[in-house]
Structures are given as structure tokens and as C-alpha cells.
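Engineer: Got a predicted structure here, sequence first:
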Amino acid sequence: MKDNIEIENSLNYWNNLYEPIKRDEIIMDDWLEKFDDIIDKTSSPIIDLGCGKGNNALYLIQKNRKVISCDQSINAINNIKNNLPEIYQALCFNMLEGLPFDDNYSDIIIADLCLHYFRNDDTFKIINEIKRILKPNGHLLIRVNSINDINFGAGKGEEIEHHLWRTDDGRLKRFFDEKDIKLFFNNFEIAYMQEKSLDRFFNIEKKIYEIHLLNTR
Ligand SMILES: C[S@@+](CC[C@H](N)C(=O)[O-])C[C@H]1O[C@@H](n2cnc3c(N)ncnc32)[C@H](O)[C@@H]1O
């Protein structure tokens, strides 16, 4: 029952946050640039999970890639449809209910700051779903909260599972260290993992891990 409340709180939180925006208000950063050699080679649609305002989609569209933007928030998906008419598909679904794609569907899946909201068992389920729809030798490019992300809640509130906290507004937020990343993504090969600082969030330092995972196992 508690699970349902947290899921509803998350959906409400994100839907309320995504007011209509214009294309020139989408803020991009350059994190995907280092994967350009992979991105430029792919012919299959790139799946962008938890796409939010479409920062990754805009970057990929500018490189003439086919992009499938996905989010639980209908407001986020409507923004994508309105702002990015070049989008290949924009799909609204909750990752907790599975990923609506065939096995081995894509060469590249992006999950940018969207895999750190779930309990252990749900996190494993979503990662297994990602593995199912990723082609063998495909690439999973992700960013997740770091355990050092103290400006955005690491270590604050009630820790309900190891490194998973309940926020004041009743949502879940996980903060990863390298051991957690190796545990959750044990079915993947870690090609690259780096802790980084972002400042696109109101100029307050946000600590994240940037990770390139290979579907080789
Ligand atoms: C921090 S935002 C990241 C947005 C974008 N990827 C970025 O980096 O700017 C997290 C996104 O994940 C989405 N999200 C969270 N839980 C989800 C779920 N269970 N299913 C689908 N999307 C979810 C939210 O709606 C939100 O758009």
C-alpha cells in the first residue's frame, strides 16, 4: 500500500513540475558528447527513459538520430511532442510496469537521472527489463545520484533501505556509491564510470555518477 502512495507522489511531483515550456527553454549539457562515436553509428531508435524536458532528445535530434522519448509524466510527453516534432516516438508509461518494447529492440538506451527512485527489487526489475530490450553488445548510458549528493538529499530523512531515502514529500530517492552500481548492474560490463559535478540545477552543485554499461554478459 505504501508503495502505491510513493508511486502516486512521484507522478504528481513530476507532473506538477512540467509546465508547458518552449523548445529554446530546454537546457542541454554536453555529457553525451563523449559517446558520439557510439551514437553516430547506431541505426536503431535510441530509447531515452525518464526523458523529462527532452534535453537528451534535443541533443540526439540535432545529430539526426531517431529518438523514442519515454516518461511517466504526460506533461513531459506533451512538451516533447509540442517542442520536438522530429521525435520518432514519445511514450507515456511507468517503468515499474515494464518497458513496452520487444526483446533486443535497441542498440542504445539512455536513462539520465531516472533510475534512482525505486526500492531494491524494483530497481533490479527495471534494469532486467532494460537488459531484455537492449541488443547484445548494446550500450546503456546513465547518470544516477551519487551518495555524495548532499545538496540534493543524500543522507537526509528516513533511510528505508540501504542508500534509499524517503523525501519529505513522500517520494523515494536513492543515492549510489560504486559498490551499489556494481551490484545493481552486475549483468553488465562497466566500460566507464566517473563521479562528476553538475551545476545546471539552480547553480547548486549536484554530484552524480556518469556510467557507460555494455550488454556483453
Ligand atoms: C530528474 S528527472 C530527469 C529528466 C531528464 N532525464 C534529465 O536528465 O533532465 C527524472 C525523470 O524520471 C521520470 N520518472 C521517474 N519515475 C519514473 C517511472 N517510474 N517511470 C517512468 N518515468 C519515471 C520523471 O517523471 C522525470 O521526468
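Structural biologist: Nice, I can see it. Numbering: from 1, shown residues only.

Engineer: max-length helix in this structure?
Structural biologist: The single longest helix within the chain, with elements called by DSSP state H, is helix 2-17.

Engineer: Can you report how many residues neighbour the residue lying closest to residue 119 once chain neighbours are set aside?
Structural biologist: Distance criterion Cβ to Cβ, 6 or more residues apart in numbering; nearest residue to residue 119, sequence neighbours excluded, is residue 161 at 6.0 Å. No exception for glycine: its C-beta is placed from N, CA and C like everyone else's. Residue crowding around residue 161 was assessed by other Cβ atoms under 10 Å; the count is 14.

Engineer: mind starting the numbering at 15 from now?
Structural biologist: Renumbered: residue one is now 15, and that last one reads residue 175.

Engineer: Isn't residue 175 up against residue 136?
Structural biologist: No - with contact taken as Cβ atoms under 8 Å, residue 175 and residue 136 are classed as non-touching, separated by 10.5 Å.

Engineer: is it true that residue 121 lies in a strand?
Structural biologist: Yes - counting by DSSP: H, G, I helix; E, B strand; the rest coil, residue 121 is found in a strand.

Engineer: could you pull out the strands for the protein?
Structural biologist: Using DSSP state E, the strands found in the chain span residues 60-63, 81-85, 103-106, 120-126, 148-159, 172-175, 178-180, 186-188, 203-212, 220-228.

Engineer: To the ligand, which of these lies closest?
Structural biologist: Of all the strands of the chain, strand 120-126 sits nearest to the ligand, with 3.7 Å by Cβ to the nearest ligand atom.

Engineer: what is the mean pLDDT for that closest one?
Structural biologist: Across strand 120-126, the average pLDDT comes to 98.

Engineer: Check which helices and strands it sits against.
Structural biologist: If you count contacts as 3 or more Cβ pairs under 8 Å, 6 or more residues apart in numbering; DSSP states H and E, strand 120-126 packs onto strand 60-63, helix 69-76, helix 134-147, strand 148-159.
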